[in-house]
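1. What shape does this take:
(2 chains)
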Amino acid sequence: MTRGSWSGARRPPPPCEVPMSLEEVKAGYAGQEVVVRGWMHACRRLAQVTFVLLRRGADVVQVTFTPEEAEAQLPRSLGHESVLEVRGVVAARAEAPGGAEVIRPVVRVLSAVSEAPPVVLHKREAQGSLGTQLDHAAVALRHPRRRAVFRLSAAAMQGFRETLGARGFVEIQTPKLVGGATESGANVFELGYFGQKAWLAQSPQLYKQMMVGVFERVFEVGPVFRAEPHATTRHLSEYVSMDVELGFIEDHRTVMATLREVMAGIMARLEASCGPELALLGVTLPQVPAVIPSITFEEAQAWIEAQHGVSVRGEPDLAPQHERWLGAWAQEAHGSDLLFVTGYPMAKRPFYTHPQPGHPTASNSFDLLFRGVELVTGGQRLHRYEAYEAALLRAGIDPAPLAGYLEAFRYGMPPHGGFAIGLERLVMQLCGLENLRWATLFPRDTHRLSP
RNA sequence: GGGUAUAUCGUUCAGCGGCCAGGACCCAGGAUUGUCGAUCCUGUGAGGAGGGUUCGAUUCCCUCUAUACCCGCCA
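-> Residues are numbered from 1 along each chain as shown, chains lettered A, B, ... in the order given. Predicted coordinates for the structure are as follows:
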């Protein structure tokens, strides 16, 4: 059989067109016959007239029926979320939403729905608790407000990629199935792999470092997996990490400057692309200052003691409450939604962390707090092979499984560093959501593996 | 892993040692000459599981189960 004898190959495929938005239909086609398709968002039968609101994404167009037309075209059994194709005539009309409607409709039912959807979509706010909406995500996410959140996510990823692409960074994809040791003692998901053990990657850290030796500047957007049994509003077992790693840096401050550019680029993309979504959600984008205010870990601890009377001396990290306090302080003192905390103690940092020259117990690392929540962690990494040998020895980590990684350093690596932004946390804080799960399409946590 | 809290119609919340267990939303039926977060009327529909106290438990106590939040950890 030759390829040409396939019947499907003879006919050109239907064109892939950008669908005409319902707004376009309303604005530009008065008096013309059009075909509109969408979900039946609402149906109101009045004595003299019946209205069907057809939803397509965030757009809604009104289709108006006379009682006779409704009788003939709209089965009573047709429920919310039925998918319809309507041929009709666009008519300008002041009372209609958006100033126009489709009249003299001929309806073709593409998909009939006979039972009530599990969540209500035609109210201004999405109804139902978080758990209910997550259980019925396929439908709940259709709600314009839920949907808008994920348009912001998409634009944030786009802004991230654009900003880095314009600066010579190369996008990479590293494996999520990994063997051997992981970067730290964090809990990882174990799986079977052709008779041996494998793990789900808890971060692309080691791979993105290796790729600095290839491209110098790399980034990745992808899932990471944490088997920590945490149960909070800001942790998940799987989340999207927006990772960056770059070579030939001065120190961690080069990385911080890059992060500032990235944050500014993300906000610029959101502003340019997501006006309607930002307005719908009432979101105010943060200003990204030319220089993001910065405080050292030790200064932060001293400030916490002085201002809040909590003794945190000797603690290796800041608690969530402390980060909230610092976030509020950044807002008051600097008018900034963003705050860098630098110089975390080496003690609890991973083995590849670069110490602070002249202050070996502190590291060239930073966190970026966004409205009081830890959004980014980053820093300078070790880059000399001997430094890795010493660090692994000190940490008691067997270097054998890391041989493939260590080879990068054995054969020359520049001073480098990077960071990772939690996408869901970014969107959560942007939208003022009280739970990360509202910013996750299909969250995975200790209790939830489906849908 | 530690702590706290919660469990009632499909959903979201009330309430009470004797309740016809209430409201709102959804849904169903009806009404309204145009809705647009439609409105009005009517209707369907509920006490996580197992023990205990009590004349009587949806209510109080215990256990279990489930869930939520805080902490730890992180993004």
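2. what's the burial count for residue A:127?
-> 14 (other C-beta atoms under 10 Å). To be clear about C-beta, it is placed using only N, CA and C from the backbone, and glycine gets the same treatment.
3. Confirm for me that it is in contact with residue A:120.
-> Yes: at 4.3 Å, residue A:127 counts as touching residue A:120 under the criterion of C-beta atoms under 8 Å.
4. dump the residue contacts of residue A:345.
-> Residues near residue A:345 by C-beta atoms under 8 Å, 6 or more residues apart in numbering: A:297, A:316, A:317, A:361, A:362, A:363.
5. no no, residue A:250
-> Contacts for residue A:250 were tallied using C-beta under 8 Å, 6+ apart; they are residue A:415.
6. where's it relative to residue A:264, distance?
-> With distances taken as C-beta to C-beta, to the nearest Å, residue A:250 is found 20 Å from residue A:264.
7. Taking the stretch 151-300 of chain A, what residue is nearest to RNA strand B?
-> residue A:230 (3.0 Å; C-beta to the nearest atom of the strand).
8. Skipping its backbone neighbours, what lies nearest that residue in space?
-> Leaving aside its sequence neighbours, residue A:230 sits nearest to residue A:446 (C-beta to C-beta, 6 or more residues apart in numbering; 7.8 Å).
9. Need phi/psi at residue A:212.
-> When read as degrees, to the nearest 10, the backbone of residue A:212 gives phi -60, psi -30.
10. How about the helix or strand hosting residue A:360 and RNA strand B, any contact?
-> Assigned by DSSP states H and E, residue A:360 belongs to strand A:359-363. No: figure legend: strand A:359-363 not in contact with RNA strand B (C-beta under 7 Å from any atom of the strand); closest approach 12.4 Å.
11. C-terminal to that strand, what's the next element?
-> strand A:365-370.
12. That following strand packs against which elements?
-> helix A:252-273, helix A:320-334, strand A:338-342, strand A:373-381, helix A:423-431 (3 or more C-beta pairs under 8 Å, 6 or more residues apart in numbering; DSSP states H and E).
13. now with 7 Å?
-> helix A:252-273, helix A:320-334, strand A:338-342, strand A:373-381 (3 or more C-beta pairs under 7 Å, 6 or more residues apart in numbering; DSSP states H and E).
14. Could you pull out the helices in chain A for me?
-> A:7-10, A:22-28, A:67-73, A:130-135, A:137-140, A:144-165, A:205-215, A:252-273, A:275-281, A:297-308, A:320-334, A:385-395, A:403-410, A:423-431 (DSSP state H).
15. the inter-axis angle of the last one versus helix A:144-165?
-> Going back to what we said before, that points to helix A:423-431. 120 degrees (axes from the mean of the first three to the mean of the last three C-alpha atoms, to 10 degrees).
16. is helix A:423-431 up against RNA strand B anywhere?
-> Yes: against RNA strand B, helix A:423-431 shows contacts by C-beta under 7 Å from any atom of the strand at A:424, A:425.
17. just the CA coordinates of stretch A:156-169, formatted as CSV?
-> The C-alpha trace of stretch A:156-169 is given here as CSV (Å, rounded to 0.1, in the frame of the first residue of the first chain):
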residue,chain,number,x,y,z
ALA,A,156,4.0,34.2,33.9
MET,A,157,5.7,31.3,32.3
GLN,A,158,5.8,33.2,29.0
GLY,A,159,7.3,36.2,30.7
PHE,A,160,9.9,34.0,32.3
ARG,A,161,10.9,32.4,29.0
GLU,A,162,10.9,35.7,27.1
THR,A,163,13.1,37.5,29.6
LEU,A,164,15.6,34.7,29.7
GLY,A,165,15.5,34.0,26.0
ALA,A,166,16.3,37.6,25.2
ARG,A,167,19.3,37.4,27.5
GLY,A,168,20.9,34.4,25.8
PHE,A,169,19.6,31.7,28.1
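18. And that stretch, how far out from the chain middle?
-> 15 Å (C-alpha atoms, centre = their mean, to the nearest Å).
19. who touches it?
-> Outside stretch A:156-169, the residues that touch it by C-beta atoms under 7 Å, 6 or more residues apart in numbering are A:171, A:217-219, A:221, A:242, A:244, A:261-262, A:265-266, A:268-270, A:423, A:426-427.
20. which among those residues end up buried?
-> A:217-219, A:221, A:242, A:244, A:262, A:265-266, A:269-270, A:423, A:426-427 (16 or more other C-beta atoms under 10 Å).
21. Can you add mean pLDDT and distance to RNA strand B and give the helices and strands packed on strand A:365-370 back as a markdown table?
-> Formatted as a markdown table, those follow (pLDDT from 0 to 100; distance: least, C-beta to the nearest atom of the strand, whole Å):
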| stretch | mean pLDDT | distance to RNA strand B |
| --- | --- | --- |
| helix A:252-273 | 97 | 11 |
| helix A:320-334 | 92 | 4 |
| strand A:338-342 | 96 | 12 |
| strand A:373-381 | 95 | 3 |
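22. of all these, which lies closest to residue A:104?
-> Comparing those against residue A:104 with C-beta to C-beta, the closest turns out to be helix A:252-273 (36.2 Å).
23. Now do that closest one against helix A:144-165: the angle between them, please.
-> Relative orientation of helix A:252-273 versus helix A:144-165 (the same axes, to 10 degrees): 130 degrees.
24. Can you tell me which helices and strands helix A:252-273 packs against?
-> With contacts taken as 3+ C-beta pairs under 7 Å, 6+ apart, helix A:252-273 sits against helix A:144-165, strand A:238-247, strand A:338-342, strand A:365-370, strand A:373-381, strand A:416-422.
25. Redo those as a markdown table? Include distance to residue A:82.
-> Shown next, in a markdown table, are those (distance: least, C-beta to C-beta, whole Å):
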| stretch | distance to residue A:82 |
| --- | --- |
| helix A:144-165 | 18 |
| strand A:238-247 | 33 |
| strand A:338-342 | 46 |
| strand A:365-370 | 41 |
| strand A:373-381 | 41 |
| strand A:416-422 | 38 |
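26. wait, which of those is closest to residue A:439?
-> So among those, helix A:144-165 is nearest, using C-beta to C-beta, at 5.8 Å.
27. quick check: mean pLDDT across that closest one?
-> Across helix A:144-165, the average pLDDT comes to 96.
28. Pull out the buried residues from that helix.
-> For helix A:144-165, burial by neighbour count (16+ other C-beta under 10 Å) applies to A:144-149, A:151-153, A:155-161, A:163-164.
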